[in-house]
Structures are given as C-alpha cells and as structure tokens.
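> Turn this into a model:
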Amino acid sequence: QDLYDSPESLEVHTNTGVGSTCQKASFGKFPVWFRKEGIANIISFAEVRDHPNYKVGYDEQSDMFIVQNIKNGKTHQFRRVGGHYIWYPKGAKTMKTSQFALTVKENEKKFSPQQVKRAERIKTLLQNLALPTTDDLKSIIGLNMIKNNPCTIDDLKVAMQIWGDHINYNVLKGRMTRARPTPAVEDIVEIPPEVHEAQQNVHLFMDIMFVNGMRFLTSISKNLMYRTASFLADKKPETLHAEVDRILRRHSRAEHWVEKISTDNEFKPLLEHIENNEDFNIKMHFAPAQAHVPEAERSHRYIKEKIRGLMYILPFDALPKLLLKWMVIEVTTRLNYFPQKGGLAQCSPRTLLKEPALDFNRHCVANFGDFVQAHHEPKPYNSNKPRALDCLYIGPIDDIHGGHRLYHIPTDQVITRHGKVVVVPTPDWVIKKINDRAKKQGMKTLKIQSKHLADDPDDDTPPAEVDEPETPDEPDEPEDDDNEDA
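Have a look, this model is predicted:
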C-alpha cells in the first residue's frame, strides 16, 4: 500500500539479467521496495523485533516464525520455503511465473517496445536469407552487404538476448547433427580405505512421502547421508519390496552393507520378512504405534524445501504428473552431489557410493525444466522429419556413457538422448501447453505430504490414487526410451 516514487533506485541482479525499480511502498509500518514483476518483499526480522508494536517468536516444531501485532493481536506465520521464511497473503497464488525463469516474455521486459520491434526485423531477415547462422548474419550486417538494410548489430544482440543465440530455435530442427560420442570412461573417485572401512556398515531410515498424491519411498543412510526417492506405482507389497531391494543393492555395489533399517510401524507386515531372511542379515527397527522415525521426517523436510524452491524458479503454474515425478527423483539425486550436514565433511554421498565424479560438461548442461532442442535421428534418416525435438530438460544420465533424460512435450513421455541439447528461452506456447496438461491431469498446485505432519499446511488432504501418465497423443513422435525411476 501507499505506493510512491523514490529518489533512489534499486538494481536486482538475477541469473537472467538485471531488473531495476524506483518505487517504494509500505508493508504495515515498514517501507519496502516495489517492482510489479517481483514475487516477494524482504523484511528484516531484526527491524520487526525492534519495533514496539510487534513481537517475534519461533515455533521449532513447525519451523516457522510468528510475527504478532501487539495492538490488534493479528499474527503472520512465516513458514520455511527453501532457504527462506515466507508469508503469503490470504488468497495469494503460491505458484506463479518467477522472474528468475529464462522465458521469452521475461526477456522482452528488459527492452523497450521499440527495441523489441526492431529485434523482430532480425527474425524476418533471418528467414529471408535462408536461415544463416548468427555469426554469418552478424558479418552480413556489419559489412553492409545489403543496401538499405534497417537492421543493426545492436538489433541482432537484442534479438539474441530475447530468443537465444539461434534467434529462431526451429532452425535447429533442420540443422542439428549428431555430436561426437562421449568416450565411455569410468571416473570413480578413490576413497581412503580407512574411511570406507569405518562406514562399511549402514543404518538406513525409510518412509513414504506423497507429492500430489504420488507415493515415493524415501531413504537416507546414517553418516553416509545418501538419499533416494523411488516412485511407487501402486500399494502392492511386491512394488515396495522391489524398491527396497534396489536401495539395498545400490549400497552393496559400493561395498556398504545395510545392517539396520528403521521405519514406521505400519511397514511391519510388509517388511518383516527381511529380518527373517538370513540372506539379508538385516535387523529391522519398527517405530512404536503413533511414533515415527525422526531422521526420515527431517530428510522429508529437506527434500520438500528443495522441491518447493525449484518450483518457484520454473515458469509453470503446475507440472504434469510424469514431469513432477521426475522432479522429485532428480532433486533427491542432486542432494547427493556434495557433502551434507551430519555426514562426512570430506566426501559427498555419491562419492561414498562410488558413483561417477561430477563433470560440468555432463552434469551441468542445463537446469531441470529448461526448454531445450534435443538432437534426434529420424528413421529413415533421409526423411524430412525434424532433427531436433521440443523437450524440457530433466537431468543427466548417470552412467559411463552419459546422455540426457528429457521430457518430450508433444507426447508427455520421458525419453533419453545421447546427442547434443541446446537450451533456448521458453516460449509462451510451451508454458501454456504444460499448464493446460497439468490442469487436465488435476495438478493445480503443489502438495507435498509426510503422512504424520498434521501441523503442515500442505497436509490437509488424504493421499490419492494417481493414474499413470496419459498415453502419447502424437504417435509419429519418438517413443518412450527410458521411463524407469532413477
């Protein structure tokens, strides 16, 4: 409220550029900067606490700050989201396009309407000249090869900042070629024998987490701090047994032997056979009735923070079921990249599990949810089908051959590609397509539930049965190459 112009200005530096504002407003008794495209105001708890009209408290059980107005008794609950404590006004939408997303619409806001209009001329010129590369187009303009050409080098630079280096990403559908295959090299970081020996016996903590009704079996190993999240397609005991077996095998491949498993009492009928099986040699610990495993609950909270933080970066209101499923798996996988609190300071969880070393050219090609053009070889190869596919990036394939796991937008399928992927700004049609598909599948918001956290605001609905992802609606596009859990 009380919006006014300030004689000072504020620059906001993000990973997609710099935004500025010269306006301020009042938030209660506190002045704050105002930017129409902004998503949050930052308030100092120290200033609030020093104000005579406010009282600040912390609820450790719910992990939230409570700010109370002493005069009228009203309270505001600042709940933790990622690394921040946030309060949402009543009725506010908690999922909206963030200014941190790399989208065409956000890129256009950096420039005046006249600059955008002149940049549109570059797109027209590119098509008129039979789609030259941007380097060739720069030479054509700079050397004045076309008389009376109204386009300038500055217009070209603006066009590249708005639509990406290729300006029109569709040129990649005819131009993209196979990249040289990456040599299959097993790059495993050696762990000192004394460190490995000290952590050879593992105590595992497991529980079920629900994300928009989809079930995930999560696990975290004591000291190693290695986390997993496995999608459970149904409630059948065989499905749970298969995922538990996969977790045990993942540890045993690295010569870490699970000797104890702690989980909730409700798993006793399903997992009691493990303790009775001499081949496993595992001691099961089931929490008493109405008690839970704190290590698993804390891990859930940490995973939830990261999922919510990533969701706010993406330009979508909600995600389709299949993409949301892979976001949970990818977020949990990436938590193993670096040393974790409570674990070994000198080794990451993935290093302790003898997984391949991180490589920037393999693991940092793109961010989850980036719109990419992925190389595709149609069959027969001499056909006129596109050489690049419209996809959203999921993550790298973590094996010696490398490659990428992608969400193919036209077919609602997860595919794998070992060729090149090119990140381009997300156009409006992609955002609309994903939002419409998520809405059609009933994914209107993000709800992450740990069954037992009754005080969690996201836990107000019971877990729901979730259908399998919709079948492809464009059969001419590539089939699903890899739709298994990581």
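> Where does the closest residue to residue 66 other than its chain neighbours sit, in terms of helix or strand?
Counting by Cβ to Cβ, 6 or more residues apart in numbering, residue 66 lies nearest to residue 57, which is 4.8 Å off, once chain neighbours are set aside. Just so you know, the C-beta spots here come from the backbone N, C-alpha and C atoms, and that holds for glycine as well. According to DSSP states H and E, residue 57 maps onto strand 54-59.
> ok, back up a step: the residue nearest to residue 66 - how many residues pack around it?
11 (other Cβ atoms under 10 Å).
> what pLDDT does it get?
On pLDDT, residue 57 comes in at 83.
> And for residue 461?
So, for residue 461, pLDDT stands at 35.
> now residue 50
80.
> about what we covered before: give me the buried positions along the strand holding residue 57.
Buried residues in strand 54-59, counting neighbours by 16 or more other Cβ atoms under 10 Å, are found at residue 54.
> other SSEs contacting that strand?
On a contact count with 3 or more Cβ pairs under 8 Å, 6 or more residues apart in numbering; DSSP states H and E, strand 54-59 meets helix 45-50, strand 64-69.
> okay if I get those as CSV plus mean neighbour count and distance to residue 114?
Output for the helices and strands packed on strand 54-59, formatted as CSV (neighbours: other Cβ atoms under 10 Å; distance: least, Cβ to Cβ, whole Å):
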stretch, mean neighbour count, distance to residue 114
helix 45-50, 12, 41
strand 64-69, 17, 45
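> can you give me phi and psi for the nearest residue to residue 131 once chain neighbours are set aside?
Spatially, and ignoring its direct neighbours in sequence, residue 131 is nearest to residue 171 (4.8 Å; Cβ to Cβ, 6+ apart). Dihedral pair for residue 171: phi -60, psi -30, per degrees, to the nearest 10.
> Do a quick rundown of the helices in the stretch 51-200 of the chain.
104-108, 113-128, 134-142, 153-163, 172-175, 193-198 (DSSP state H, counting those that start in this stretch).
> How about the stretch 201-350 of the chain?
237-253, 268-276, 294-313, 321-334, 349-352.
> list the buried ones in the second one?
Of the residues in helix 268-276, those buried under the neighbour-count criterion (16+ other Cβ under 10 Å) are 270, 271, 274, 275.
> and which of those is nearest residue 444?
Closest to residue 444 out of those is residue 270 (31.8 Å), distances taken as Cβ to Cβ.
> Pull up the gap between the closest one and residue 232, please.
11 Å (Cβ to Cβ, to the nearest Å).
> Give the residues shared as contacts by the two.
By Cβ atoms under 8 Å, 6 or more residues apart in numbering, residue 270 and residue 232 have these common neighbours: residue 240.
> Is residue 108 in contact with residue 163, as I believe?
No. The criterion here is Cβ atoms under 8 Å, and residue 108 misses it with residue 163 at 9.4 Å.
> Compare these two (neighbour count), which wins?
Remark: of residue 108 and residue 163, residue 163 carries more neighbours, 21 against 18, as counted by other Cβ under 10 Å.
> And that one, what's its pLDDT?
85.
> Now do the contacts for it.
Residue 163 touches 104, 107, 119, 123, 169, 424, 425, counting by Cβ under 8 Å, 6+ apart.
> switch the cut-off to 10 Å
104, 107, 108, 119, 120, 122, 123, 169, 424, 425, 427 (Cβ atoms under 10 Å, 6 or more residues apart in numbering).
> Nearest residue to the fourth one in space, ignoring adjacent ones along the chain?
It stands for residue 119. residue 159 (4.0 Å).
> okay, now the one you found: neighbour count?
Neighbours of residue 159 (other Cβ under 10 Å): 27.
> With the one 10 residues further on instead?
Using other Cβ under 10 Å, the number of residues around residue 169 comes to 20.
> and what of residue 288?
Residue 288, neighbours per other Cβ under 10 Å, totals 8.
> Next: the one 5 residues further on.
Per other Cβ under 10 Å, the neighbour tally for residue 293 reads 21.
> sorry, back to before: and the contacts of residue 163, which are buried?
By 16+ other Cβ under 10 Å, these give 104, 107, 108, 119, 122, 169, 424, 425, 427 as buried.
> Sounds good, over and out.
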